[in-house]
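# This is the structure alone, sequence omitted:
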């Protein structure tokens with residue numbers, strides 16, 4: 001009898017533990033094991049599709065929304081986050097829309113938008129060490145009211161997305177350039193301004209990625225951070241309609257011996273080809289890059305002194321014995337004091353440029369500043385350096401490191417561009433320069 005009671009208690013405890021175990025299973029896993037697609041559906045009687053929406057942040061791409069399409073218009077005022085669950089995610093807002101896209105205000109429509117917490121651990125789909133599908137698993141757990149006043153019953157089985165939208169990233173087009181001199185092929189992304197008019201002349205921004213995303217997948221340079229996509233955002237394009245060029249380099253572009261690969265020259269010939277194909281303003285070609293991309297920008301400016309109107313240099317350095325020709329260039333350089341190479345290296349470059357006649361204005365910023373504070377920082381720097389052709393900013397020690405993370409290794413280096421490309425005023429400065 002004692003054994004039977006003990007067994008019953010044990011079985012009861014095991015049964016009671018099952019819900020907790022289900023909650024802690026790996027994201028994307030089905031309740032019975034295997035991928036989530038094995039325990040979900042693509043559509044239901046009234047839900048025709050589910051779309052996942054991603055956005056790019058400072059060093060990652062994240063799943064930030066899930067959009068359900070119903071077969072009838074849904075009443076926006078009757079929606080509430082409690083009506084839905086999204087596996088491993090926190091729902092911030094729920095609203096209806098007449099289009100499959102996020103909006104500031106909801107309105108009656110056939111689409112229901114679930115905005116998700118971007119800081120959820122499961123939000124990241126691409127980042128250093130992370131490469132996951134942008135998978136959303138959604139359940140409607142309470143009745144939903146239609147515009148006609150009818151009620152749509154909760155789903156019996158969770159839905160999984162069959163569509164994906166990547167904000168801004170999807171606005172780039174992918175091409176291949178065959179270099180006429182070497183025969184090498186360079187994959188590249190090109191953002192073409194909306195309503196492009198060949199009768200007008202447009203600036204072009206070249207963004208070159210760091211070594212961390214070297215490879216053949218052309219999307220990586222767009223997904224890894226804001227270096228390219230920030231210039232192509234609707235807000236930036238409204239102020240500065242421009243082309244944005246983001247090559248995907250298959251090999252390392254630059255090294256600490258101050259050497260560049262052949263792809264630096266291939267990139268210049270790509271720009272020359274684009275100038276033949278599109279109406280580009282030769283007086284407003286710009287270069288920017290992080291780490292190796294920054295270093296390659298420096299090398300290009302030395303070798304091709306008449307190509308770029310200005311450079312935004314993020315987290316890089318170069319051989320100071322060859323940088324004197326940059327003294328007359330328009331440069332905005334930004335590094336972190338936690339960067340063991342770029343901070344002393346770029347500081348040394350600034351000293352050489354000053355010795356060769358450059359007018360340099362320097363500042364130290366707090367990397368934890370708010371957008372409003374950064375805007376004030378940029379305004380103050382530009383006012384102080386109104387007559388300067390070079391602006392040099394260093395983020396104060398410890399201020400680029402995310403809270404709770406170590407400053408060891410390359411943390412001060414890679415977190416520089418996480419912050420720098422999010423500062424609107426740096427991009428505005430670039431477009432204000434011309435030959």
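Everything's here; your move. As the structure is a prediction and not an experimental result, all values here were calculated from the model.

# all contacts plus neighbour counts: C-alpha atoms, from now on.
Will do.

# Could you chop the protein up by domain?
Following automatic domain parsing, one gets these domains for the chain: 36-166, 169-431.

# can you list those domains in TSV and add mean pLDDT?
Listed next are these as TSV, based on pLDDT from 0 to 100:
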stretch	mean pLDDT
domain 36-166	97
domain 169-431	98
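
# could I get those as CSV with mean neighbour count?
Below are those laid out as CSV (neighbours: other Cα atoms under 10 Å):
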stretch, mean neighbour count
domain 36-166, 19
domain 169-431, 19
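
# Straight-line length of stretch 358-372, end to end?
One end of stretch 358-372 sits 30 Å from the other (Cα to Cα, to the nearest Å).

# ok, now stretch 140-159?
9 Å.

# what's the answer for stretch 317-333, then?
For stretch 317-333, the end-to-end distance is 10 Å (Cα to Cα).

# Same check on stretch 310-327?
By Cα to Cα, one end of stretch 310-327 lies 12 Å from the other end.

# what about it, distance to the chain center?
25 Å (Cα atoms, centre = their mean, to the nearest Å).

# by contact count, what packs against the one helix or strand residue 294 maps to?
For residue 294, the element it lies in under DSSP states H and E is helix 292-303. Counting by 3 or more Cα pairs under 8 Å, 6 or more residues apart in numbering; DSSP states H and E, the packing neighbours recorded for helix 292-303 are strand 202-208, strand 280-290, strand 310-314.

# Can you tell me what sits against the helix or strand that comes right after the last one?
Heading C-terminal from strand 310-314, the first helix or strand you meet, by DSSP H and E, is strand 331-336. Counting contacts by Cα atoms under 8 Å, 6 or more residues apart in numbering, the residues outside strand 331-336 that touch it are 310-316, 342-343, 346, 389-397, 400, 412-413, 416, 420, 426.

# please redo it, this time with the cut-off set to 6 Å
The contact list for strand 331-336 (Cα atoms under 6 Å, 6 or more residues apart in numbering) reads 310-315, 343, 390-395, 416.

# cool, and stretch 102-115?
Outside stretch 102-115, the residues that touch it by Cα under 6 Å, 6+ apart are 65-70, 72-76, 91-98, 100.

# what's the nearest residue to residue 241 once chain neighbours are set aside sitting at in phi/psi?
Nearest non-adjacent residue to residue 241, counting by Cα to Cα, 6 or more residues apart in numbering: residue 193, 5.9 Å away. For residue 193, the backbone dihedrals (degrees, to the nearest 10) come out as phi -60, psi 140.

# ok, now residue 306?
Dihedral pair for residue 306: phi -100, psi 10, per degrees, to the nearest 10.

# swap in residue 92?
phi -90, psi -40.

# Between strand 280-290 and the helix or strand containing residue 429, find me the angle.
According to DSSP H and E, residue 429 maps onto helix 424-431. Angle of helix 424-431 versus strand 280-290, following axes from the mean of the first three to the mean of the last three Cα atoms, to 10 degrees, is 140 degrees.

# Endpoints of stretch 420-435, how far apart?
End-to-end distance for stretch 420-435, by Cα to Cα: 24 Å.

# Mind listing residues that contact it?
Contacts for stretch 420-435 (Cα under 6 Å, 6+ apart): 226, 227, 283, 284, 309, 378.

# which ones are touching the last one?
Spelled out, that is residue 378. Contact partners of residue 378, counting by Cα under 6 Å, 6+ apart, are residue 425.

# And it, how close does it get to residue 324?
26 Å.

# if we can go back for a sec, save the helices and strands packed on helix 292-303 as TSV, and put in distance to residue 353 too.
Converted to TSV, those look like this (distance: least, Cα to Cα, whole Å):
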stretch	distance to residue 353
strand 202-208	23
strand 280-290	19
strand 310-314	14
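
# Can you tell me which of these is nearest to residue 372?
With respect to residue 372, and counting by Cα to Cα, the nearest of the helices and strands packed on helix 292-303 is strand 310-314 at 20.6 Å.

# Counting by contacts, list what the closest one packs against.
Packing partners of strand 310-314 (3 or more Cα pairs under 6 Å, 6 or more residues apart in numbering; DSSP states H and E): strand 280-290, strand 331-336.

# Of all the ones you listed, which one comes closest to residue 146?
Per Cα to Cα, nearest to residue 146 of these: strand 280-290, 49.3 Å.

# rewinding a little: I'd like the helices and strands packed on strand 310-314 laid out as JSON lines, including distance to residue 221.
As requested, the helices and strands packed on strand 310-314 are exported to JSON lines (distance: least, Cα to Cα, whole Å):
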{"stretch": "strand 280-290", "distance to residue 221": "11"}
{"stretch": "strand 331-336", "distance to residue 221": "20"}
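
# can you give me how far the helix holding residue 429 is from the chain middle?
Distance, centroid of helix 424-431 to centroid of chain: 17 Å (Cα atoms, centre = their mean).

# returning to that earlier point: need the contacts of stretch 420-435 in JSON lines with distance to residue 207, can you?
What follows is the contacts of stretch 420-435, written out as JSON lines (distance: Cα to Cα, whole Å):
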{"residue": "226", "distance to residue 207": "10"}
{"residue": "227", "distance to residue 207": "6"}
{"residue": "283", "distance to residue 207": "17"}
{"residue": "284", "distance to residue 207": "14"}
{"residue": "309", "distance to residue 207": "14"}
{"residue": "378", "distance to residue 207": "21"}
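
# Which single one of those residues is nearest to residue 291?
Nearest member of the contacts of stretch 420-435 to residue 291, counting by Cα to Cα, is residue 227, at 11.4 Å.
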